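Participant: Provided below for reference: sequence and predicted model.
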There are 2 protein chains.
Amino acid sequence: MTETPHPLFTRHADTLERALTAITERGYWSAYPESPSPRVYGETAAADGEAAFRSYLTGKFPLDQPGTVDWVATEASPFGIDLGVQYPHADAETLLAAAATALPGWRDAGPQTRVGVCLEILARLHAHIFELANAVHATSGQAFVMAFQAGGAHALDRALESLAYAYREMTRHPATATWEKPAKGEPLRMTKTFHVVPRGVALAIGCNTFPTWNTYPGFFASLVTGNPVVVKPHPRAVLPLAITVRYAREVLAEAGFDPNLVLLAAEAPGERLASTLALRPEVRIIDYTGSTEYGDWLEANARQAVVYTEKAGVNTIVVDSTDDFAGMCRNIGFSLVLYSGQMCTTPQNILVPAAGISTDQGHKSFDEVAAGIAGVVGKLTGDPARAVELTGAVVNDGVLARLNEADGVGEVLLASRTVDHPTYPGAVVRTPLVAKLGADAVSTYGREWFGPISFVIATDSTTHSLALFRQTVGEQGALTASVYSTDETVLDATETAAIECGVHLSCNLTGGVFVNQSAAFSDFHGSGANPAANAALTDGAYVASRFRVVQSRR
Amino acid sequence: MTETPHPLFTRHADTLERALTAITERGYWSAYPESPSPRVYGETAAADGEAAFRSYLTGKFPLDQPGTVDWVATEASPFGIDLGVQYPHADAETLLAAAATALPGWRDAGPQTRVGVCLEILARLHAHIFELANAVHATSGQAFVMAFQAGGAHALDRALESLAYAYREMTRHPATATWEKPAKGEPLRMTKTFHVVPRGVALAIGCNTFPTWNTYPGFFASLVTGNPVVVKPHPRAVLPLAITVRYAREVLAEAGFDPNLVLLAAEAPGERLASTLALRPEVRIIDYTGSTEYGDWLEANARQAVVYTEKAGVNTIVVDSTDDFAGMCRNIGFSLVLYSGQMCTTPQNILVPAAGISTDQGHKSFDEVAAGIAGVVGKLTGDPARAVELTGAVVNDGVLARLNEADGVGEVLLASRTVDHPTYPGAVVRTPLVAKLGADAVSTYGREWFGPISFVIATDSTTHSLALFRQTVGEQGALTASVYSTDETVLDATETAAIECGVHLSCNLTGGVFVNQSAAFSDFHGSGANPAANAALTDGAYVASRFRVVQSRR
């Protein structure tokens, strides 16, 4: 390689090197501090970030994209914050043409320069992390600290992880090679050049609950492999991605590239812009997080593109026995309360033998186990001021409708309550509902109830629990699973079931790690091996098909 | 890793290590000598291999597969060799059930053991290379030396390359990792296990012309990543893959695994077994080489599987100028004669400016360029005994039909001739047809004419040639392209066009390397970036989606 490294590559080479080590080792590592403390980010960072966020409200968002024909404002904050941000609105044709025009210069810049520029975008976003966190908080309904962590630091970690995978994949082969084959007389000699060629235009479709965390990995994996990215945010969570697009364009332009490599595709109500874009021949990569129905539609119809989807599933806990009953209940209860069950990783089904389980506190009946978990949920949500810092607010009316529907299902162990938010009078806050079901109610618990709804299900035995686990996760998929047991053979049997259903498993979580958390650089998120997702964050398969190698030999 | 290496891994560790280095460097390397000389393979190897081949003829092929209901014989040798080999015939249900039963033990053996066993299968096949070469020769119509090289040594090289990529991909992550996150008080600690989980059953659909070379990469990539493989050969080229299945099952059984990890799915005439298998839910990976029509059908309909296809294309040469006119004509002419144009990499369209080109022999008119190439073809095929060692025989009636159709197209520069094979009186041998076309005849040259049919096309200029190149390759795809020019700007412009059409380019081949050859460990075959193929031999994308990682954390 005679290429002189781009200054942005040189600037971030250490970060990249550390990230490359992290993805090889998959131990603990994080590049972006998750504590919003002034000791970490400085005394003024929080106030500056909030001010930057507030400056966007009820105005035109500063984006100088081509083809803007009008401005659209589609957000409604779960906290009742008056957003009213207006976003530029263009037709698909114009956006795709601008993206396609931007492609060749970015492709020809090569992997090293592209990763340098993308790392600078991450650094720029990190410098604006409080602004991002406020935007995620306001649009998703996540409590602020969670929005800062999941929507800020952890989203950036996932983005860096994805850049590291993509960079390693693009540099798996040398840029050039000399081929010399022995022959009669002179050997045969050729010089071969291997070009990394992007697929085309990438479309990143964001979701309402985790607009940055779920969008960044695909966004950065596509961009760094040479594909311009059109970002289509959820109409109710535009701001976090508009901010992202803004700073990405800023960095691209500063580095001498066409800023139209990154474009915001905000949509007017009812426009169905995602579907229009998804079917265009120029769009060769699609990343999507959201409903199973729409994800399946994309996979079936956007045949010209490689489609990466994360969809719905039924996350499941198998409770067999425990040597820390209190810790188990605390851990499960906390998992249910966090963001009022609106994480794609929140457990829904808790399978417990009807005859009860053995614990460090002696035998506990099924009802005692259920009451133990429900009790923790009740306690964590008892005080409104503390409750809302865990639950956040309800993201949309669909969740409320399911809560109403769930109210008539099974035997309610803990009813959902409305909580008045101490800070935001307009916030819609609900505590989790926990209901008891028989194992025969599979038509109820065998599908996803996205939101603060969980079922404690009475099974004949742990063997029966595992059979139900295989059945429901096998059919509907899941992003997470966990098991509690003091019996190694049960742990192993659950691990085998998890392997065969293709779901990631956590065993005996009783402390400060929760099943809904997945840490970049160590935990895989989604496996691609069950119906809940066709891809994983992040493995080789997630990045390898975003580009192709085209060879020239002379 | 505390795993004790499997003895077969230890036995082949050096080969694997060398292959892993080769795929990183992509210079020249080969593990299997391509010369069938007795000095390399021993005095008796050729005779022993031929005897082994002959022992199969007109009998029941020795395969103890489950569910055999009857025996089928569907082959007809292009050389007129009386084959009459009967293969076990079972229904799809039985084969898939047997494959699924074999999966867990193979999955649980882990990447290292699996790669050891697969390397032993390669060693076993290499020990039977003459037997394989005779089978490829007899069924494909390739001359013996080519069958030995492409169907034996090079096929094994491509297989080893694919094993190396898959092994590297499976071991990209550690098998286990310790995660330790700093926290208030004690750090949070977990042990994480990352399981490599196969997708399910793989289906490998073979082709008539290169039954081993085109099947081995997908076959071994699927098998080593833990997927049982059902091999569905082309009905006219069963024997090479039956031999492969036989020795693979032998090695698997010796190593203590279920031999049903590899199964032959021979079909009765008109059965459409490939389609039946391809749509079964158990089948999660499909590899296919053949027609665009059927490849497109698989991609559109086998939606439950990851589908890797190599289909048809219009391979193109751009002739602009040369400093070695004789070498250029020799090189192009040889490319057309080899296996009478029945390689998926054989050039079809030769774009030459109507005003002629400048060469080391002065200006050459369009007709002189065309005559130069046709003259080489004529000379190479003038003597029957020498001709058939290059052309081999015509693989099937489809090729003959196209030859007849081509006879009326454009102005024939060199007619196809029938050659009597000195050894095989029943052989169907045809020399290449070369015709002259105007640039406006795009409806003729804009589609694939598989077989010994090439067109020299008169264009307005090299710029016009490049526009036609972009148009035809962009629309129909291509596996190979080449350019002749003494002008660096033309070479660069062609390279840009090749990058944008996603086709591998060779520049100024005048010596002993031909555009139709692609060497394992160095050349990519197919790019996945144009309609001729959706995958490449071999890159990360070819192996990464054949398995998934499922994690367990305790």
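Facilitator: Good, I have the coordinates. Numbering: from 1, shown residues only, chains lettered A, B, ... in the order given.

Participant: Now residue A:490: which helix or strand?
Facilitator: For residue A:490, the host element (DSSP states H and E) is helix A:488-501.

Participant: Can you confirm whether that helix lies near chain B?
Facilitator: Yes - Helix A:488-501 is in contact with chain B by C-beta under 8 Å from any C-beta of the partner chain, via A:491, A:495, A:498, A:499. No exception for glycine: its C-beta is placed from N, CA and C like everyone else's.

Participant: By neighbour count, which of the residues you listed wins?
Facilitator: Comparing those on neighbour count, residue A:498 comes out first with 32 neighbours (neighbours: other C-beta atoms under 10 Å in any protein chain shown).

Participant: Starting from residue A:445, give me the distance back to it.
Facilitator: Applying C-beta to C-beta, to the nearest Å, the value for residue A:498 to residue A:445 is 18 Å.

Participant: cool, and residue A:511?
Facilitator: 27 Å.

Participant: Compare the two (neighbour count), which wins?
Facilitator: The residue with more neighbours, out of residue A:511 and residue A:445, is residue A:445; 28 against 15, by other C-beta under 10 Å.

Participant: The more buried one touches residue A:347, doesn't it?
Facilitator: No - contact criterion C-beta atoms under 8 Å: residue A:445 and residue A:347 do not qualify, at 11.5 Å.

Participant: domain ranges for chain A?
Facilitator: Domain ranges of chain A: A:21-178+A:188-311, A:316-507, per automatic domain parsing.

Participant: Do me a favour and average the pLDDT over stretch A:40-59.
Facilitator: Across stretch A:40-59, pLDDT averages out at 98.

Participant: What residues does residue A:520 make contact with?
Facilitator: Neighbour list for residue A:520: A:30, A:154, A:157, A:158, A:160, A:161, A:537, A:538 [criterion: C-beta atoms under 8 Å, 6 or more residues apart in numbering or on different chains].

Participant: Where does it sit: helix, strand or coil?
Facilitator: Assigned by DSSP: H, G, I helix; E, B strand; the rest coil, the conformation of residue A:520 is coil.

Participant: Next, the angle helix B:488-501 makes with the strand or helix carrying residue A:102.
Facilitator: Per DSSP H and E, residue A:102 falls inside helix A:92-127. Using axes from the mean of the first three to the mean of the last three C-alpha atoms, to 10 degrees, the direction of helix A:92-127 lies 90 degrees away from that of helix B:488-501.

Participant: ok, and for helix A:92-127, which residues are buried?
Facilitator: Buried residues in helix A:92-127, defined by neighbour count with 16 or more other C-beta atoms under 10 Å in any protein chain shown: A:92, A:95-99, A:102-103, A:106-107, A:109-126.

Participant: out of those residues, who's near chain B?
Facilitator: Contacts with chain B within the buried residues of helix A:92-127, counted by C-beta under 8 Å from any C-beta: residue A:107.

Participant: Residue A:479 contacts residue A:532, doesn't it?
Facilitator: Yes - the criterion here is C-beta under 8 Å, and residue A:479 meets it with residue A:532 at 5.2 Å.

Participant: Up against chain B, what does the stretch 101-250 of chain A have?
Facilitator: So far as C-beta under 8 Å from any C-beta goes, the stretch 101-250 of chain A lies against chain B at A:107, A:169, A:172-174, A:177-181, A:183, A:188, A:190, A:192-195, A:197, A:199.

Participant: Make a ChimeraX selection of the buried ones in the residues you listed.
Facilitator: Buried residues within these, by 16+ other C-beta under 10 Å, are selected in ChimeraX with:
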select /A:107,169,172,173,177,179,181,190,192,193,194,195,197,199
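
Participant: Among the residues of the stretch 101-250 of chain A next to chain B, name the ones in strands.
Facilitator: A:177, A:178, A:179, A:180, A:181, A:188, A:190, A:192, A:193, A:194, A:195, A:197 (DSSP state E).

Participant: doesn't residue B:34 make contact with the fifth one?
Facilitator: When you say that, I think you mean residue A:181. No - Residue A:181 is beyond contact range of residue B:34, at 10.0 Å (criterion: C-beta under 8 Å).

Participant: how far away is the residue lying farthest from the centre of chain A from residue B:512?
Facilitator: Each residue of chain A has a distance to the centre, and by C-alpha atoms, centre = their mean the biggest one is for residue A:185: 59.1 Å. As defined by C-beta to C-beta, residue A:185 lies at a distance of 9 Å from residue B:512.

Participant: Please apply the same query to residue A:73.
Facilitator: In this view, residue A:73 and residue B:512 are 67 Å apart by C-beta to C-beta.

Participant: which of these two has more neighbours?
Facilitator: The neighbour count for residue A:73 versus residue B:512, taken as other C-beta under 10 Å, is higher for residue A:73 (20 against 15).

Participant: so who does the more buried one touch?
Facilitator: Counting by C-beta under 8 Å, 6+ apart, residue A:73 has contacts A:83, A:84, A:85, A:86, A:87.

Participant: Can you list the helices and strands that the helix holding residue A:490 packs against?
Facilitator: helix A:462-476, strand A:481-484, strand A:505-507, strand B:188-198, strand B:547-553 (3 or more C-beta pairs under 8 Å, 6 or more residues apart in numbering or on different chains; DSSP states H and E).

Participant: For that helix, report the contacting residues that lie outside it.
Facilitator: With C-beta under 8 Å, 6+ apart as the test, helix A:488-501 has contacts from A:318, A:320-321, A:462, A:466, A:469-470, A:473-474, A:478, A:481, A:483, A:485, A:504-505, A:507-508, A:529-530, B:107, B:193, B:195, B:197, B:550, B:552, B:554.

Participant: What sits closest to the residue nearest the centre of chain A if chain neighbours are left out?
Facilitator: Nearest to the geometric centre of chain A sits residue A:214, at 2.7 Å (C-alpha atoms, centre = their mean). Counting by C-beta to C-beta, 6 or more residues apart in numbering or on different chains, residue A:214 lies nearest to residue A:289, which is 4.0 Å off, once chain neighbours are set aside.

Participant: which residues touch the one you found?
Facilitator: Contacts for residue A:289 (C-beta under 8 Å, 6+ apart) come out as A:205, A:206, A:207, A:210, A:214, A:215, A:309, A:310, A:344.

Participant: Looking at those, spot the one nearest chain B.
Facilitator: Closest to chain B out of the contacts of residue A:289 is residue A:309 (13.3 Å), distances taken as C-beta to the nearest C-beta.

Participant: before we move on, which element is the closest residue in space to residue A:48 that isn't next to it in sequence in?
Facilitator: Residue nearest to residue A:48 in three dimensions, not counting chain neighbours: residue A:130, with 6.7 Å by C-beta to C-beta, 6+ apart. Counting by DSSP H and E, the element that carries residue A:130 is helix A:129-140.

Participant: Can you spell out which helices and strands pack onto that helix?
Facilitator: Using 3+ C-beta pairs under 8 Å, 6+ apart as the test, helix A:129-140 ends up in contact with helix A:45-56, helix A:144-148, helix A:239-254.

Participant: how far does that helix sit from the chain's center?
Facilitator: Its chain's C-alpha centre and that of helix A:129-140 lie 15 Å apart, by C-alpha atoms, centre = their mean, to the nearest Å.

Participant: Over to stretch A:68-81?
Facilitator: The answer for stretch A:68-81 is 22 Å, by C-alpha atoms, centre = their mean.

Participant: Likewise for stretch A:109-116?
Facilitator: Remark: stretch A:109-116 is offset 25 Å from the chain centroid, using C-alpha atoms, centre = their mean.

Participant: now that stretch: mean pLDDT?
Facilitator: Per-residue scores along stretch A:109-116 average to 98.

Participant: then that stretch to PDB, C-alphas only?
Facilitator: In PDB, the C-alpha atoms belonging to stretch A:109-116 read as follows (Å, rounded to 0.1, in the frame of the first residue of the first chain):
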ATOM      1  CA  ALA A 109     -11.600   7.400  -2.100                       C
ATOM      2  CA  GLY A 110     -11.000   3.900  -0.800                       C
ATOM      3  CA  PRO A 111     -11.600   2.100   2.500                       C
ATOM      4  CA  GLN A 112      -9.000   3.900   4.500                       C
ATOM      5  CA  THR A 113     -10.200   7.400   3.700                       C
ATOM      6  CA  ARG A 114     -13.800   6.400   4.100                       C
ATOM      7  CA  VAL A 115     -13.300   4.900   7.500                       C
ATOM      8  CA  GLY A 116     -11.300   8.000   8.600                       C
END
